[in-house]
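Undergrad: Next come a sequence and a model predicted from it.
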Amino acid sequence: MANFGGMWNRLSQSNDLLALVIPTTNFSTLFTRSVQLPNDWMAVAVGAATIDKYPPGSEIPTANYERLLLMRAGIWSVDCVLMGLYTAEGFMCQATIRLDVLPGNDPSDCTTWLNYCETLEDGLTRSRLAEVLISGFFPGLQQWLQTQSYAQLLQTPHSPTLDQILASGCETTLFVLGLMWQRVAHCHFSSAAGQEHTAVQQWHHLRTTQQHEDQHWQKKLEHERQERLQRAQGWWQQNCAAATTADQYPLAFAAAQIPLTQRGAYYEALWTHEHHDIAAGAAAIITATHLYIWDLQQPDQPRRVIPLDMSAGPARSISWSNRVSELMIGTATGIQLIDISTGTVKAYYRTCPGTAPQGGFNALARADNYLFGSHSELGLRAWPIDQPETNIDLLSELTRKAKTIRHVQVVGEQVWLSIDNRVVNFPWREITMREIQSVRSWVVESSGSITALLVHQDIIFAGTSEGTIWMWTLADSAVPRLLLRSQSNPIESIYLLPHPQIRGLLYCDYSTAVHGLILGDVFNCQYIGPGEPLRRFAASELVVLAMNAQRDQIFYWPTVQPQSPPYRLTAQHWHGRTIQDFCLIPTSQSLSPTPPH
């Protein structure tokens, strides 16, 4: 008995081979009287007048036969890979389909297989059978795919409809070859364009779902917050009467009864009740070349972008003029008065022609009849409102040798400014006399200079380049007293939240947050930015704006919610410039009704 020698090795090692005809001319070299079949192959032995089938592992007597048809036993799994298919959206895709077929048991099937395989020099392989099957079902598969989206293919890649299309397409081919249909064992569709489209769709779906969930939680949190505010406001109403007017900070004294961890919510309730009807207003931001106006109730994009008149030099500072529709912009040699509603320059208040100072006017203020500007080189200048060409050099005996002259502001009848480490004030109505008589000054203990100045009614706060904040009142005859010592970085901004019985102080010291505290209380809070140092801020009853140290980002928070994530104002990278200054406008009624295009 022979075992076919190298022939069995070929059959066992080639998983691709399905059927092979061995001619009678090879018998003498392959075996003698009989041959033993492998366990995974069966045979059809063909003699002169007979055709016999032999199952796997059986012994075949060779004397009575002329040729053998060897076939792999069991189900044949055939992988069909189809390219150039298109889905309903027009995405080109590839299909990988595994079909299971079975050789027929009828004698006529064996004859068909014998005749077909004799035409194949190297036998029937899986890849060859796949080509034959694909040619049968490709048209029907393409027609069906054009009714299916790529998402549908991913959700139901193996559907009864697809099985029917494939079986119908292979029916004729299988009949001719003597094979029987079994099933679609596996089906997979892939498309680079479809995957990208699906990923985008899934991302949008997840984003929409997340937004709905966020909105739900935001509503829930806001509802809980409103309940806390109502409870806290009720508490204030009951306890305000207990705060005596003799206390310097009456409500802060009353708040000491509240646990420190809950005190912030009570202050928020008090503040919300006091300022519930105030509009958020607008922000004005300048670079050297442009003015940006933002309505903070609609902060997605600037309401107006106004190119600045560069004939006066680059912009250096900006301030609201206490008029509904006017802004003051400080340049190198003067002050421009801008009409917000039209974006035009109403007037330009300039210094003497021919001057070319370094820097520019760093702070601006307006009284009834005068504009004021502080300039570290030109000193303190004033212009009559109706005489833009007439500028008055004020306090020259104090400013002549000074290094820094900043923070000019008008509070009531008084003009305030800082000169190095000195705070100075005088009544602005004395300007008509040219020689101001009623000048008062306070020296702050600092080896540097005053970097922030705030005057609120009769209280003065001064921040220094050494990171200290000093406080005193007009009624005090003593020198300023130290309120707090921050980091060694300069205090660039100070703001006092206005309330008749509570004084909330905000300050910025180049750290990653704007700091808040209640005078007379140990309570403090932080408006935390995105992790980078904050250089300067501006605040109102409802909003806190801050600029980062790189001067390319503006962030803002609701005043009563320091723990909330900051919003961001972005304007196409500020036309390639850094931010020079910014201020708040108390109302948005004077803004242009439509944003720029």
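TA: Good, I have the coordinates.
Undergrad: from here on, contacts and neighbour counts on C-alpha atoms
TA: Will do.
Undergrad: measure the closest residue in space to residue 422 that isn't next to it in sequence to residue 376 for me?
TA: Ranked by CA to CA, 6 or more residues apart in numbering and with sequence neighbours excluded, the top spatial neighbour of residue 422 is residue 443, at 4.4 Å. From residue 443 across to residue 376, the span is 18 Å (CA to CA, to the nearest Å).
Undergrad: Now the element after the worst-scoring helix or strand of the chain on mean pLDDT, going C-ward?
TA: When each helix and strand of the chain is scored by mean pLDDT, DSSP states H and E, helix 27-30 comes last, with a mean of 50. For helix 27-30, the following helix or strand on the C-terminal side (DSSP states H and E) is strand 34-36.
Undergrad: Show me what that following strand is packed up against.
TA: strand 59-61 (3 or more CA pairs under 8 Å, 6 or more residues apart in numbering; DSSP states H and E).
Undergrad: What are the buried residues along the strand it packs on?
TA: By neighbour count with 16 or more other CA atoms under 10 Å, strand 59-61 contains the buried residues 59, 60.
Undergrad: how many neighbours does the residue nearest to residue 422 have?
TA: Close neighbours of residue 443, defined as other CA atoms under 10 Å, add up to 15.
Undergrad: same thing with residue 560?
TA: Residue 560 has 19 nearby residues by other CA under 10 Å.
Undergrad: Tell me how far residue 325 lies from residue 585.
TA: 9 Å.
Undergrad: The two: which has the busier surroundings?
TA: Per other CA under 10 Å, whichever of residue 325 and residue 585 has more neighbours is residue 585, with 27 against 19.
Undergrad: so what's the more buried one closest to, chain neighbours aside?
TA: Closest to residue 585 by CA to CA, 6+ apart is residue 282, at 5.0 Å.
Undergrad: From what I see, the one you found and residue 582 are in contact.
TA: No - counting by CA atoms under 8 Å, residue 282 sits too far from residue 582 to count as a contact (10.8 Å).
Undergrad: Okay, the residue nearest to residue 384 when sequence neighbours are not counted and residue 328: tell me how far apart.
TA: Leaving aside its sequence neighbours, residue 384 sits nearest to residue 370 (CA to CA, 6+ apart; 4.6 Å). Per CA to CA, residue 370 is found 12 Å from residue 328.
Undergrad: more crowded one of the two?
TA: Neighbours per residue (other CA under 10 Å) separate residue 370 from residue 328, with residue 328 holding more: 25 against 17.
Undergrad: Which stretches in the stretch 201-350 of the chain count as strands?
TA: With DSSP state E, counting those that start in this stretch as the criterion, the stretch 201-350 of the chain has strands at 282-286, 290-295, 304-307, 317-320, 326-330, 334-339, 344-350.
Undergrad: Pull up the gap between the residue nearest to residue 384 and residue 432, please.
TA: On the measure of CA to CA, residue 370 and residue 432 end up 10 Å apart.
Undergrad: Residue 166 too?
TA: 101 Å.
Undergrad: Same check on residue 376?
TA: Going from residue 376 to residue 432 by CA to CA gives 24 Å.
Undergrad: Comparing the two, which shows the higher neighbour count?
TA: residue 376 (22 against 9).
Undergrad: from the middle of its chain, how far away would the top helix by length along the chain be?
TA: Determined from DSSP state H, the single longest helix within the chain is helix 192-239. Distance of helix 192-239 from its chain centroid, counting by CA atoms, centre = their mean, to the nearest Å, is 16 Å.
Undergrad: Same check on stretch 72-91?
TA: Offset of stretch 72-91 from its chain centre (CA atoms, centre = their mean): 42 Å.
Undergrad: Mind jotting down where the helices sit in the stretch 301-450 of the chain?
TA: Counting by DSSP state H, counting those that start in this stretch, the stretch 301-450 of the chain has these helices, from start to end: 396-399.
Undergrad: Give me the below-cutoff pLDDT ranges for it.
TA: 353-356, 433-434 (pLDDT under 70).
Undergrad: go with 80
TA: For the stretch 301-450 of the chain, the stretches flagged by pLDDT under 80 are 312, 322-324, 352-357, 432-435.
Undergrad: now do the stretch 101-250 of the chain
TA: In the predicted model of the stretch 101-250 of the chain, residues 104-116, 118, 121-122, 155-159, 176-178, 221-250 satisfy pLDDT under 80.
Undergrad: helices or strands up against the helix or strand hosting residue 452?
TA: Assigned by DSSP H and E, residue 452 falls within strand 450-456. Packing partners of strand 450-456 (3+ CA pairs under 8 Å, 6+ apart): strand 405-411, strand 414-419, strand 459-464, strand 493-497.
Undergrad: Test my guess that residue 348 contacts residue 335.
TA: Yes - under the criterion of CA under 8 Å, residue 348 makes contact with residue 335 at 5.8 Å.
Undergrad: The two: which has the busier surroundings?
TA: For residue 348 versus residue 335, the count of surrounding residues by other CA under 10 Å is larger for residue 335: 30 against 19.
Undergrad: Give me the distance between the residue nearest to that one when sequence neighbours are not counted and residue 386.
TA: Among residues not flanking residue 335 along the chain, residue 349 sits closest, at 5.0 Å (CA to CA, 6+ apart). According to CA to CA, residue 349 and residue 386 sit 10 Å apart.
Undergrad: what about these two, which has more around it?
TA: Comparing residue 349 with residue 386 by other CA under 10 Å, the one with more neighbours is residue 349, at 25 against 11.
Undergrad: Would you indicate which residues of stretch 179-187 are buried?
TA: For stretch 179-187, by 16+ other CA under 10 Å, it's 179, 180, 181, 184, 187.
Undergrad: name the helices or strands packed onto the host helix or strand of the second one?
TA: When secondary structure is defined using DSSP H and E, the element that contains residue 180 is strand 179-190. Secondary-structure packing of strand 179-190 (3+ CA pairs under 8 Å, 6+ apart): strand 92-103, helix 160-177.
Undergrad: most packed of those?
TA: Comparing the helices and strands packed on strand 179-190 by mean neighbour count (mean count of other CA atoms under 10 Å), strand 92-103 comes out on top with a mean of 18.
Undergrad: Dump it to PDB, keeping only the CA atoms.
TA: Output in PDB follows, covering the C-alpha atoms of strand 92-103 (Å, rounded to 0.1, in the frame of the first residue of the first chain):
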ATOM      1  CA  MET A  92     -16.400  53.500  -2.000                       C
ATOM      2  CA  CYS A  93     -16.000  50.400   0.200                       C
ATOM      3  CA  GLN A  94     -14.500  46.900   0.300                       C
ATOM      4  CA  ALA A  95     -16.500  43.800   1.200                       C
ATOM      5  CA  THR A  96     -14.900  40.700   2.800                       C
ATOM      6  CA  ILE A  97     -17.400  37.800   2.700                       C
ATOM      7  CA  ARG A  98     -16.800  34.200   3.800                       C
ATOM      8  CA  LEU A  99     -19.100  31.600   2.100                       C
ATOM      9  CA  ASP A 100     -19.500  28.000   3.200                       C
ATOM     10  CA  VAL A 101     -20.300  25.500   0.400                       C
ATOM     11  CA  LEU A 102     -20.300  21.700   0.300                       C
ATOM     12  CA  PRO A 103     -19.400  19.300  -2.500                       C
END
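Undergrad: Please name every helix or strand in contact with it.
TA: Strand 92-103 packs on strand 76-86, strand 179-190, helix 192-239, going by 3+ CA pairs under 8 Å, 6+ apart.
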